[in-house]
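Colleague: heads up, no residue letters with this:
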């Protein structure tokens, strides 16, 4: 099946710093990618839809200036958590649909962010 | 689509047992239902994408059915094995959107 990579797999940072997470589709092009967040013992919550060459679409309640998304190429989307605080500590995971936006989504392995 | 519910939340079975779990979702504006298996420390793995009412799909010992009119899907595992231990997630999508709304999942543990 299609492969999606995510980097880093885990990161620990100090409060106030910014952290960038990369999501790459390794063997297909993705005009759309999705970013999710998982809180402890909860399901995957969609944060935003990353659109190649245009602005991301954010879900209600997700701060655009806090979670910057850039989708500069057909194989790479980045999520930057700006001025991270302990409440931003979470598991972030991306996905991409090889066949179009309504197709099966292939997930990266996720990134565990811990903000001290 | 809101209120995607999965039951039970967790399930412990013995190797060889067959098991099933439920995904309930609002039936209005339904387009497709996705099932994923998520093993610890791995990426969620796509199992099925189902769109038609009455549809049934099978992959090895795992099968799924779909009822779009009443808004539910069942996932069955026949003869559970320890390697089936994972969290099983369902996610419906709606027309005119590419978003998946995930349920909280059913965590399955199969004991040898």
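Modeller: In hand now; what should we look at? Computed from a prediction, not measured in an experiment: that's the story for all the values here.

Colleague: where's residue A:13 relative to chain B, distance?
Modeller: 22 Å (C-beta to the nearest C-beta, to the nearest Å). Yep, even glycine has a C-beta here, placed from its N, CA and C like the rest.

Colleague: how about the nearest residue to residue B:18, chain neighbours excluded?
Modeller: Leaving aside its sequence neighbours, residue B:18 sits nearest to residue B:78 (C-beta to C-beta, 6 or more residues apart in numbering or on different chains; 4.9 Å).

Colleague: What pLDDT does the model give the one you found?
Modeller: With respect to pLDDT, residue B:78 has a value of 97.

Colleague: which of the residues in stretch B:27-38 are buried?
Modeller: Neighbour-count burial for stretch B:27-38 flags B:30, B:32, B:33, B:34, B:35, B:36, B:37, B:38 (criterion: 16 or more other C-beta atoms under 10 Å in any protein chain shown).

Colleague: Give the helix, strand or coil label for the fifth one.
Modeller: It refers to residue B:35. strand (DSSP: H, G, I helix; E, B strand; the rest coil).

Colleague: give the contact list for it.
Modeller: Counting by C-beta atoms under 8 Å, 6 or more residues apart in numbering or on different chains, residue B:35 touches B:23, B:46, B:47, B:48, B:49, B:50, B:64, B:73, B:75, B:88, B:89, B:90.
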